[in-house]
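Peer 1: Need the 3D shape of this:
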Amino acid sequence: MREIVVPVRIRGSRGQRRVKMLFDTGATSTFLRADIAKSVGALVRNPKPIPVFLADGSKGKPVRASLNILIELKGVWMPVSANVLEESSCELILGCFDMEQYDVRPVPRNGTYTIPKPKLLAKLI
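Peer 2: Predicted coordinates for the structure are as follows:
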């Protein structure tokens with residue numbers, strides 16, 4: 001599959017910034033690089049380190065913290081819980097669980113993605 005990397009805006013409790021996000025259909029979870037995570041929000045320490053296994057079967061550095069962020073995709077703000085990686089060549093990796101939850105679909109033939117507009121759940125009058 002073609003690698004799809006797009007510029008997105010993320011927001012945390014301390015601010016927001018633009019980052020490059022990789023759509024990774026092989027990753028179960030969403031990951032955010034530590035330097036970026038620290039700049040946008042307050043990290044939450046995990047009670048125990050969470051092991052990370054890479055696509056080639058090798059073990060990566062364990063995840064010791066997470067961060068709740070909002071990711072903006074085509075005007076839609078998605079709340080996600082991102083695992084914080086101390087080292088990563090990618091600034092933000094969107095994993096398949098969050099893609100499925102929000103029906104985000106990478107389109108490899110042209111290097112883009114689709115995301116439906118959120119449905120109105122209730123109207124207050």
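Peer 1: can we go C-alpha only for contacts and neighbour counts from here?
Peer 2: OK.
Peer 1: Now name the helix or strand holding the nearest residue to Pro51 once chain neighbours are set aside.
Peer 2: Spatial nearest neighbour of Pro51, excluding adjacent residues (Cα to Cα, 6 or more residues apart in numbering): Pro62 at 4.5 Å. Assigned by DSSP states H and E, Pro62 belongs to strand 59-73.
Peer 1: May I see the buried residues of that strand?
Peer 2: Buried residues in strand 59-73, defined by neighbour count with 16 or more other Cα atoms under 10 Å: Pro62, Val63, Arg64, Ala65, Ser66, Leu67, Asn68, Ile69, Leu70, Ile71, Glu72, Leu73.
Peer 1: mind listing the helices in the chain by residue range?
Peer 2: 34-40, 96-101 (DSSP state H).
Peer 1: Kindly reformat these as JSON lines containing mean neighbour count and distance to Val80.
Peer 2: Converted to JSON lines, the helices of the chain look like this (neighbours: other Cα atoms under 10 Å; distance: least, Cα to Cα, whole Å):
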{"stretch": "helix 34-40", "mean neighbour count": "18", "distance to Val80": "13"}
{"stretch": "helix 96-101", "mean neighbour count": "16", "distance to Val80": "7"}
